[in-house]
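>>> here are the coordinates; sequence isn't available:
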């Protein structure tokens, strides 16, 4: 089947396109780099011609409150309209575990709007909620840094490797729409502050990790269960320690 991957040249999208093509599908990477712009609508009708499935793994170039809201609302609206006109029968979107619990954050408010638009579109859909990627652990430290101090909450954290995300999204894309949410996470459970303390120490990073129950994540305070999936989550195969040793 023809599967269009919006954000198909990014971290997850590029891996997903390769996997789908290796399994005999016609996977097409769609992004501004390939002449497809979901914000303006440029190239959408052309790339969606003959497509059965659309997978949206795109992300906003800005995480500031208004720009990120504008991105997800506009791009999702344009994409769903073009899909309806093209006769697409399955919309798959990659989102984040805990989105509904992180509504103090402008980024996650925008992701919630994206999900609501998908649910209301009338197009059969599957939303994949993933935990944070291994590759973004350093970014979590950076966004939590003040001077030489990294302030992190002592909450549970279950990151996942990008390869496992791409595999799970691919399985979802070729499957039957669930008209709901599928959760995915890594196989190992950590405490956020303790893991980042270990990672920075192994990298000889001079910053000090301070445990702070009120430290925010993308502008939102965390509870112990905010960032972790439910009991039915599908777990990836790659262990964080193995990835870190090879990184």
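Nice, thanks for sending it over. Values in this document were obtained by computation on a predicted structure and should not be read as measured data.
>>> How about the secondary structure of residue 205?
Here residue 205 is coil, with the state taken from DSSP: H, G, I helix; E, B strand; the rest coil.
>>> and it, what is it in contact with?
141, 199 (CB atoms under 8 Å, 6 or more residues apart in numbering). Every C-beta, even on glycine, is put in place using the N, C-alpha and C of the backbone.
>>> Could you check how far residue 68 is from residue 121?
Residue 68 sits 20 Å away from residue 121 when distances are taken as CB to CB, to the nearest Å.
>>> can you pull out the strands in this protein?
With DSSP state E, the ranges of strands along the chain come out as 2-6, 26-30, 53-56, 90-96, 125-130, 145-146, 149-152, 156-157, 181-185, 190-191, 208-211, 216-217, 220-221, 234-235.
>>> between residue 68 and residue 121, who's got more neighbours?
Here residue 68 and residue 121 are set side by side on neighbour count (other CB atoms under 10 Å), and the busier one is residue 68, at 22 against 17.
>>> Let me know whether the more buried one touches residue 74 as I believe.
No: here residue 68 does not reach residue 74: they are 11.0 Å apart, not a contact under CB atoms under 8 Å.
>>> Residue 47 is in contact with residue 31, isn't it?
No: with contacts counted by CB under 8 Å, residue 47 stays clear of residue 31, the gap being 10.1 Å.
>>> the more surrounded of those two?
Shown here are residue 47 and residue 31; by other CB under 10 Å, residue 47 has more neighbours (23 against 20).
>>> rewinding a little: kindly reformat the strands of the chain as JSON lines containing mean neighbour count.
Listed next are the strands of the chain as JSON lines, based on neighbours: other CB atoms under 10 Å:
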{"stretch": "strand 2-6", "mean neighbour count": "25"}
{"stretch": "strand 26-30", "mean neighbour count": "22"}
{"stretch": "strand 53-56", "mean neighbour count": "28"}
{"stretch": "strand 90-96", "mean neighbour count": "24"}
{"stretch": "strand 125-130", "mean neighbour count": "23"}
{"stretch": "strand 145-146", "mean neighbour count": "12"}
{"stretch": "strand 149-152", "mean neighbour count": "19"}
{"stretch": "strand 156-157", "mean neighbour count": "22"}
{"stretch": "strand 181-185", "mean neighbour count": "22"}
{"stretch": "strand 190-191", "mean neighbour count": "17"}
{"stretch": "strand 208-211", "mean neighbour count": "16"}
{"stretch": "strand 216-217", "mean neighbour count": "20"}
{"stretch": "strand 220-221", "mean neighbour count": "16"}
{"stretch": "strand 234-235", "mean neighbour count": "16"}
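>>> Let me know which of the ones you listed is the nearest to residue 82.
Between residue 82 and the strands of the chain, the shortest separation by CB to CB is 8.7 Å, and it involves strand 53-56.
>>> what's next to the closest one, contact-wise?
Looking at strand 53-56 with CB under 8 Å, 6+ apart, the contacting residues turn out to be 1-7, 13, 16, 48, 76, 79, 83, 88-94, 169, 173-174.
>>> As a quick check, tell me the outermost residue of the protein.
Relative to the average C-alpha location in the chain, and by CA atoms, centre = their mean, no residue lies farther out than residue 206, which sits at 29.4 Å.
>>> so who does it touch?
By CB under 8 Å, 6+ apart, the contact set of residue 206 is residue 148.
>>> how near is it to residue 141?
When distance is defined by CB to CB, residue 206 is 12 Å away from residue 141.
>>> Find me the pLDDT at residue 68, would you?
Turning to residue 68, the model gives it a pLDDT of 97.
>>> so residue 80 makes contact with residue 118?
Yes: in this structure, residue 80 is within contact of residue 118 by CB under 8 Å, at 7.0 Å.
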